[in-house]
Each structure stands twice: as C-alpha cells, then as structure tokens.
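1. coords below, sequence missing:
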C-alpha cells in the first residue's frame, strides 16, 4: 500500500463522519431554527393584536348604544386603534429597533385606551347586563390574556435566539455562515402593560 | 517593565469584560429558576390539591372525564389548588396546562378546569385546538351560570360537576363536531429525513472524491487540502432552545394517565366568587 492510497482511504470516511457530527452536534442548524421559531412566535403576537383590533369596532358600537355621552373615551379608543393599525408590521420589524418601539408604543396606547373604556363602562348597569356586551367583554379579556402569553413566548424565543448568536458554538456560525442573521428586538415588558385590564363583574 | 505591566492589565480587563456578561447571564438564569412556579403532580384526571372533593365525587368525576376522553379526542382535567403562588390564575393556568401537556400534541385539544378556594378564583383554560368550540364567551357563561353560584354557597363538588358537564356538552356539540372532522392533520412524507441524510452523505463523499482526485498527482497537496480547520464536534449547543418540546413531551405517568403534549395559548375565561 502506497502512502497516497493510505491517506486517501483514511481521510474520506474520517471527514464524512466529522462533517456529519459537525452538522448535528455543533448546532450548525441552531441559528436558522431559532430564527424561525422566534419569527413564528412574533407572528402569533401580531395575530393576537390583530384579533384585538378586530374586536374593537363591534365593542365601540355596542357601548355607543348605551353610553353615547362617553364620546371622549370612545374616540380615544378608535383613534388609538387606527394609529396601531397604520403601522406596517412584518417579519423585518423585529430587527428594527425604531419600528419595533413604534409598534409597541402604539399597542400600549391602545391597551391604555381600552382599559379606560372598560372602567367607564362600569357606570352603566344596563350595558353591563347586555349579553352582546358581556360576550365581547369576555372575548376582549381572553384576547388580552392571549396577547400577554404570546408576548412572553416571543420574549423567550428571542432570548434563545439572541443567546445563540452571542455564545460560543453559535458565535462561530453567526460570524461565518449566518452573517445576515441579526439580533432581534424584544418587548421591554413592563408587567402592568402586559396585564389585561381588570374588570369587575 | 511598566509597558509589560500595562499590557497585562489590559489583557486582564479584556478577559473580565468577556467573562462578566456570561456570569450575569448564568446568574439571571438561576434567579429566574428560583421564581418559577411549582406545579402539582398529574396524578389523574382530577387533581384535588386543595382537598375539596370527597372520594365518591372524585371517582364520579374521574369516570365522567375518562368517558369523555374515550369518546372524543379532547382531554379535560380538573384541578383544585391550594394557592396561586403569588401569580394570577390566568398566568398559572396556561403554564400548568403546558407543563402537564394536556391534550393531543397535534391538536392541542386539552382543557383545564382550575379552582382555587383560598383565593376564590376559578378558570377554564382552553387549549388552542378547542378554542373554536369552547370560546371565551362560552367559558365565561359556564363559569357565571353554572359554577360561580354553586361555589358561592360552598357547594364545590356540585359546581365542579356542573361545570364539567357543561364543558363536555359545549365540546360535544354535533355541528361543531362535523366541522372539525374535516380538518385532518397532514401526514408527513414517508422517511423524508432519512432520504435527505443519505443524499447528504453521498454528496459529501462525491466532493471528497473529486478533491482527492484533483490532488492525486501530489499526495502532500491532497493532505494539505484536507487538513483545513477541523471542528471538534460539540455535544452541547442544541439543547437550549428545546425547552418547548421537552415540556410538551413529558409523559411521566402515574395511575395510567398522562398528558399527550398539548399546548395552551391563554384562551378561556376566569371568574371569582
């Protein structure tokens, strides 16, 4: 056996094994995987906020029927909703700190306006016993709760992704194969903004 | 002399700079772990931690829930808790549901009826897959009409029983049921992963062959080309992101009952009495 054949015979299987192990054990797929997971969680956040926005016109109409004199609070809700809906959001928003903050602020403003509306409504017993309103109210509460769950899942997903970008095995891949993968923005979760507005029956 | 001392200082500072964030991160993880909630063990379809049910009522509920699970693909579990450990029932509920993995994994068809007598709180926590039938509004109706009035008079067993009956009825609504039967989960293409793995190995072998042939004139060059940076395979690095999966694939059963990996997203309704 010549040294040449010996060398060739040895290093081919050796490299196949190394490459295979590298791909699975070294986490070469981690960054894209975590990226996709975080993006999926982001789209869930967006969905839940959208769901809330969809509930509002109906809610406003119902409240108007009973408490038309509360024009100011109602207008605030409608305006906050319009403002939040105007902001164009997509998957790239999470890499853009300014845009992300804009989106978060708009949604927080809507949360605040809705909270004020629900407090105002307390003064109208007829409205509070209206079946349509009660159904809407429970949907709104459920949606606020879903938003807070989705936000927390997203925060966790981003934490995992950003950590992978900055810690050792992932750092290697981030600086070689995945240069286009940037850290993601996350919610600066003030606990009181994430909590659903409290409503007493 | 002093220059060398300066360099050493800078090196030390740099290494502290790199080590410090890691320390902070590790500490944060520990602190978070300390704040994590404690969940009771999933001992059966009725977990009566607060001890409000007698044996007969518990047995009756268990039977009803088992029958429901056999007839449909849903999974319903009744929980009574001693305390909420300082958090809200909404927060505790979805985390408990995920921790136990109630409901089938693909359908997320689980629901929990949670009551905490010490805080006078009750909640119906609904998994993603059941949100269509057991909507927030329906859950609220069940809580307000069936559960809260009975709990208010101290009739915990009666309230839970009636609540379970109503939840089962809401879920078994035949119209909804027919709609749901149409939605079958997509089946995975057979052995896709294995085929991909074999293809990858073949491609790698072919590349290696061509490289070794190209350098065949000179064995040293071939060796040089092959001897690039070799990455040592690392067993860690793939674990951190999988907390989602390890949670839901939990199956430590006792009493022949366990969750099937369903997830929860905060659907449902709460009430108090």
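-> Thanks, I have the structure now. What you are looking at is a predicted structure, and each value in this text was computed from that prediction instead of being measured.

2. All the strands of chain B, residue numbers only.
-> Secondary structure of chain B (DSSP state E): strands at B:46-48, B:75-80, B:110-116, B:121-127, B:264-272.

3. Mind putting those strands into CSV with distance to residue B:145?
-> Every C-beta, even on glycine, is put in place using the N, C-alpha and C of the backbone. As requested, these are exported to CSV (distance: least, Cβ to Cβ, whole Å):
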stretch, distance to residue B:145
strand B:46-48, 22
strand B:75-80, 18
strand B:110-116, 15
strand B:121-127, 12
strand B:264-272, 10
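
4. Residue A:128 is nearest to which of those strands?
-> Closest to residue A:128 of these, according to Cβ to Cβ: strand B:264-272, at 14.7 Å.

5. hmm, that closest one touching chain A?
-> Yes. Judged by Cβ under 8 Å from any Cβ of the partner chain, strand B:264-272 comes into contact with chain A at B:264, B:265, B:266, B:267, B:268, B:269, B:270, B:271.

6. Would you mind naming what in the stretch 51-200 of chain B lies close to chain A?
-> Within reach of chain A by Cβ under 8 Å from any Cβ, the stretch 51-200 of chain B has these residues: B:88, B:90, B:94, B:135, B:136, B:137, B:139, B:140, B:144, B:200.

7. Show me the two of the residues of strand B:264-272 next to chain A that sit farthest apart.
-> Applying Cβ to Cβ across the residues of strand B:264-272 next to chain A, the maximum distance is between B:265 and B:271, 19.7 Å.

8. Where do the helices of the chain begin and end?
-> In the absence of a named chain, this looks at chain A. A:3-25, A:30-66, A:71-86, A:97-121, A:125-128, A:131-166, A:168-175, A:191-194 (DSSP state H).

9. wrong one, I was asking about chain B
-> Under the criterion DSSP H, chain B carries helices at the ranges B:2-35, B:55-71, B:89-100, B:136-142, B:148-152, B:156-171, B:174-182, B:192-214, B:219-226, B:243-248.

10. Between the residues of the stretch 51-200 of chain B next to chain A, which sits nearest residue B:166?
-> Closest to residue B:166, out of all of these and judged by Cβ to Cβ, is residue B:139, at 9.6 Å.

11. how much space between that closest one and residue B:198?
-> To residue B:198, residue B:139 is 49 Å away according to Cβ to Cβ, to the nearest Å.

12. With neighbour numbers in mind, choose between these two.
-> Shown here are residue B:139 and residue B:198; by other Cβ atoms under 10 Å in any protein chain shown, residue B:139 has more neighbours (29 against 11).

13. ok, that one to residue B:266 distance?
-> 12 Å.

14. for chain A, which spans come out with low pLDDT?
-> A:1-10, A:17-18, A:20-26, A:189-201 (pLDDT under 70).

15. Please report how far residue B:266 lies from residue B:166.
-> 21 Å.

16. Same question for residue A:127.
-> With Cβ to Cβ as the criterion, residue A:127 and residue B:166 are 26 Å apart.

17. again with residue A:131
-> Counting by Cβ to Cβ - residue A:131 and residue B:166 are separated by 17 Å.

18. Looking at the two, which one has more neighbours?
-> Comparing residue A:131 with residue B:166 by neighbour count (other Cβ under 10 Å), the higher total belongs to residue B:166, at 21 against 9.
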